[in-house]
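J.: attaching a predicted model along with its sequence, questions to come.
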Amino acid sequence: MIYSVHGTLIAKAPSLAVVECGGVGYACRTTFTTLGQLGNIGETVMLYTHLSVREDAVELFGFFTRQELQCFELLISVSGVGPKAALAILSDLTPDQFLLTVASGDSKTLTRAKGVGAKSAQRIVMELKDKIAGESIGLLSGTQTETVAGASCSGGNVGEAIEALVTLGYTQSEVAPIVAGLDPDLSSSELIRRTLQEIGKGNR
């Protein structure tokens, strides 16, 4: 098993990074997120890797962070979700955004990724929501953990506020972090008002 590759970045292309280690160039399929974090050609880089061995192909996937690799492995563990769809999702969402999206049950956001349909998105949420809210919560820390936990089991005024905001056209992954940061004892209408204020500030 290849845990990581560490060497010189010798080529970059859409969804591909080539790292030369000991005179061998390792072609790693990857995300736009990782490509954006890599340096320039000729610089030293390290990628965490996943080796996929199938009857018809052997492919190496590389990621800038361990967290992104773990999200990729979670995705390909879902029945019917292959590496191509997993890379598309993680190119559209950062690992934190992906985890929050699944924890909040927001399958709609997942369909923004190229090649991911509604049924696949719903299956991802169904199969991974409990994992992310449970043992996979270690992928996040601090306030991010609290946000995911809150999104996965939101109820009462918080849940009502999130549902109302989604009805207004916002996605759960967009509003849940804001609502989770407010006082849960506030009324649902006040939670909605303050969330809309925060969204308004971000759009200025």
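T.: Yep, that arrived.
J.: neighbouring contacts of the strand or helix carrying residue 6?
T.: Taking DSSP states H and E as the criterion, residue 6 maps to strand 4-13. Contact with strand 4-13 is made by 17-22, 25-26, 28, 35, 38-49, 60, 62, as judged by C-beta atoms under 8 Å, 6 or more residues apart in numbering. For the C-beta atoms, the positions are set from N, CA and C on the backbone; glycine is no exception.
J.: repeat that for stretch 32-49.
T.: 2-12, 14-15, 17, 19, 26, 28, 30, 60-66, 68-69, 90-91, 94.
J.: related to what we said a few turns ago, which of the contacts of strand 4-13 are buried?
T.: For those, a burial check counting by 16 or more other C-beta atoms under 10 Å picks out 17-19, 26, 28, 35, 38, 45, 47-49, 60, 62.
J.: now do the phi/psi pair for the residue most central in space within the chain.
T.: Geometric centre of the chain, nearest residue: residue 98, 2.6 Å, by C-alpha atoms, centre = their mean. Main-chain dihedrals, residue 98, degrees, to the nearest 10: phi -60, psi -50.
J.: correct me if wrong: residue 73 contacts residue 50.
T.: Yes - counting by C-beta atoms under 8 Å, residue 50 is a contact partner of residue 73 at 6.2 Å.
J.: looking at these two, which is more packed in?
T.: residue 50 (21 against 13; other C-beta atoms under 10 Å).
J.: just to revisit the earlier point, tally of neighbours for the residue lying closest to the residue nearest to the centre of the chain once chain neighbours are set aside?
T.: Sequence neighbours aside, residue 71 is the residue nearest to residue 98 in space, at 5.4 Å (criterion: C-beta to C-beta, 6 or more residues apart in numbering). By the criterion of other C-beta under 10 Å, residue 71 has 27 neighbours.
J.: check contacts around residue 71.
T.: Residue 71 neighbours (C-beta under 8 Å, 6+ apart): 90, 95, 98-99, 139.
J.: how about 7 Å then?
T.: 90, 95, 98-99 (C-beta atoms under 7 Å, 6 or more residues apart in numbering).
J.: what about it, distance to residue 189?
T.: For residue 71, the distance to residue 189 equals 35 Å [C-beta to C-beta, to the nearest Å].
J.: swap in residue 80?
T.: 41 Å.
J.: quick check, residue 27 in a helix?
T.: No - the assignment for residue 27 (DSSP: H, G, I helix; E, B strand; the rest coil) gives strand, which keeps it out of a helix.
J.: next, give phi and psi for the nearest residue to it once chain neighbours are set aside.
T.: Once flanking residues are discounted, residue 27 sits nearest to residue 18: 5.1 Å by C-beta to C-beta, 6+ apart. Here is the backbone geometry of residue 18 (degrees, to the nearest 10): phi -110, psi 120.
J.: residues contacting residue 18?
T.: Per C-beta under 7 Å, 6+ apart, neighbours of residue 18: 10-11, 25-27.
J.: what about 10 Å?
T.: 5, 7-12, 25-28, 41, 62 (C-beta atoms under 10 Å, 6 or more residues apart in numbering).
J.: from those residues, which is closest to residue 173?
T.: Nearest to residue 173 among the contacts of residue 18 is residue 62, at 25.7 Å by C-beta to C-beta.
J.: noted, bye for now.
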